[in-house]
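> show me how the following folds:
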Amino acid sequence: MRRLVWTALVGTVALGSLLAGAPASAVDGPVDGARPGGYRPEPWRTWAQEEWTAPAGRYCSFPLQVRVVDQDVRVRVVARYPDGAVRREEFAGPLVVDFVNVDTGRTARRDAGGSGAADHRPDGTWSRYAIVGPAGFGFRPGDHHPRGYYLLDGLHVITFDADGTRRLTVAVGEQENVCLALGD
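Purely as a prediction, here's the structure:
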């Protein structure tokens, strides 16, 4: 328990540092004339995690399905580009999901209700995703991390190359590959 509390504390401080360390133009707030250089996020709004199924080979050797059991996830924009496009957004709130091996029906229920901050490029693609877990994230063949769908607990930062390749650049805490828990 002590280790979990320490990991959460370090993760929270590190995520705050990531957000606070951004250039002032990244956190000016909405384009509607918010204070220059001030951190002024937009209001939280409800966000729904959709259920999905990934084909065999994307994350696991079998088709992986994610079913939402319970959620109350919120999202807010904390920075926009001058044209109004989202530059950074935060996610937070409880989320419980069932990971399902579609071939066998084997199920693993997990708490994935951590928080995170996603940085977007001007074209809308993700450039970085910082997680204070638990939260789920997948790595595919060709990414710079072993293939799998992971429940990341602690502080984890994923960066995205321009071609979409994913890299786990910060990993403080636990990483559970749910593909292994479901029989991979």
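> tell me where this structure has strands.
For the chain, strands defined by DSSP state E occupy the ranges 45-46, 52-54, 64-71, 74-80, 86-92, 95-101, 107-111, 115-120, 126-132, 135-139, 148-160, 166-177.
> pull out the buried positions in the fourth one.
If I follow you right, that is strand 74-80. Of the residues in strand 74-80, 75, 77-80 count as buried by neighbour count, 16 or more other CB atoms under 10 Å. Where you see a C-beta, it was placed from the backbone N, CA and C, and this is true even at glycine.
> ok so, going back, so which of the strands of the chain is the most packed in?
Ranked by mean neighbour count under mean count of other CB atoms under 10 Å, the strands of the chain are led by strand 148-160, which reaches a mean of 22.
> dump that strand to CSV, keeping only the CA atoms.
Presented in CSV, the C-alpha positions along strand 148-160 are these (Å, rounded to 0.1, in the frame of the first residue of the first chain):
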residue,chain,number,x,y,z
GLY,A,148,0.2,-6.0,-25.9
TYR,A,149,-2.6,-4.1,-24.2
TYR,A,150,-1.4,-2.8,-20.9
LEU,A,151,-2.9,-1.6,-17.7
LEU,A,152,-0.4,1.1,-16.7
ASP,A,153,-0.4,2.1,-13.0
GLY,A,154,1.8,4.9,-11.8
LEU,A,155,3.3,7.5,-14.1
HIS,A,156,3.7,6.6,-17.8
VAL,A,157,4.3,8.8,-20.8
ILE,A,158,3.7,7.6,-24.3
THR,A,159,5.0,9.6,-27.3
PHE,A,160,3.8,9.3,-30.9
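> from the contact counts, what lies against that strand?
helix 2-20, strand 126-132, strand 135-139, strand 166-177, helix 178-181 (3 or more CB pairs under 8 Å, 6 or more residues apart in numbering; DSSP states H and E).
> so what pairs up with Arg167 in the strands?
The partner list for Arg167 in beta bridges (DSSP bridges) reads His144, Thr159.
> for the buried residues of strand 74-80, which one is nearest Val172?
When those are ranked by distance to Val172 (CB to CB), Val78 comes first, at 22.4 Å.
> quick check: the gap between that closest one and Phe91.
With distances defined as CB to CB, to the nearest Å, the gap from Val78 to Phe91 amounts to 11 Å.
> what's the overlap in contacts for the two?
Any residue near both Val78 and Phe91 by CB atoms under 8 Å, 6 or more residues apart in numbering counts here, and that gives Ala117.
> list the contacts for Asp98?
Contact analysis of Asp98 by CB under 8 Å, 6+ apart lists 66-67, 69, 107-110.
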